[in-house]
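Asks: Give me a model of this one.
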Amino acid sequence: MKCNLKFSLLFLTILFVACTNKQPETAKQKTEPTFPKGDKITNNNFTGTAWLQMLITNDSTYNTSIGNVTFEPGARTNWHKHPGGQILLITDGSGYYQERGKTAQRIQKGDIVKIPPDTEHWHGAAPDNGLAHIAISPKTNKGSVVWLQPVTDKEYGLIGK
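Replies: A predicted model of the protein is given here:
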């Protein structure tokens, strides 16, 4: 009886230590991005710092281009439109999407944004958080992106209000 009791206590002690000896989890665990960050965008179609890694370039078979775009906090595209529309798959962070004449919508990791053809819009990171998304431009045989004027600091300052 004493042997079984000692064994039981030893087993329970080992079980207790194993169950309570986990490594502490951090509030936000750092994960590597699924796709490369790409090259810094140096044209005038963005405000702030952003990077682009083209994943699929346009061709006559698929008529689609797909790129991974990463924005630092506060970075954003100019107003623009796509003759064939655009789809955004938000892969990290949070930011905003706005169609001309409408209120900016908060977007975050896991969201999907379907932008109708020829809809003037912009998208980018929140002021305090970066954003990454996969930008899919279908039907590129209808034309590529048409870049318009920058989103002003005043316009950007109205997001979330």
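Asks: all strands of the protein, in order?
Replies: Per DSSP state E, the chain carries strands over the ranges 39-40, 46-47, 50-56, 65-71, 76-77, 80-81, 86-99, 105-108, 112-115, 121-125, 131-137, 146-147.
Asks: out of these, nearest to I159?
Replies: Smallest distance to I159 across the strands of the chain (CB to CB): 4.9 Å, for strand 86-99. Every C-beta, even on glycine, is put in place using the N, C-alpha and C of the backbone.
Asks: so for the closest one, what's the average pLDDT?
Replies: What strand 86-99 shows for mean pLDDT is 98.
Asks: that older thread, reformat the strands of the chain as a markdown table; add mean neighbour count.
Replies: Shown next, in a markdown table, are those (neighbours: other CB atoms under 10 Å):
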| stretch | mean neighbour count |
| --- | --- |
| strand 39-40 | 10 |
| strand 46-47 | 21 |
| strand 50-56 | 17 |
| strand 65-71 | 22 |
| strand 76-77 | 24 |
| strand 80-81 | 19 |
| strand 86-99 | 20 |
| strand 105-108 | 16 |
| strand 112-115 | 15 |
| strand 121-125 | 25 |
| strand 131-137 | 23 |
| strand 146-147 | 14 |
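Asks: Mind putting those into CSV with distance to G157?
Replies: Formatted as CSV, these follow (distance: least, CB to CB, whole Å):
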stretch, distance to G157
strand 39-40, 25
strand 46-47, 12
strand 50-56, 19
strand 65-71, 17
strand 76-77, 12
strand 80-81, 20
strand 86-99, 12
strand 105-108, 15
strand 112-115, 22
strand 121-125, 13
strand 131-137, 17
strand 146-147, 22
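Asks: Tell me which of those strands sits nearest to E32.
Replies: strand 86-99 (10.7 Å).
Asks: relative to strand 65-71, how tilted is that closest one?
Replies: 40 degrees (axes from the mean of the first three to the mean of the last three CA atoms, to 10 degrees).
Asks: Please tell me how far the residue most central in space within the chain sits from P33.
Replies: By CA atoms, centre = their mean, the chain has its centre lying nearest to A132, at 2.8 Å. Separation of A132 from P33 (CB to CB, to the nearest Å): 7 Å.
Asks: Please consider this matter closed, and thank you.
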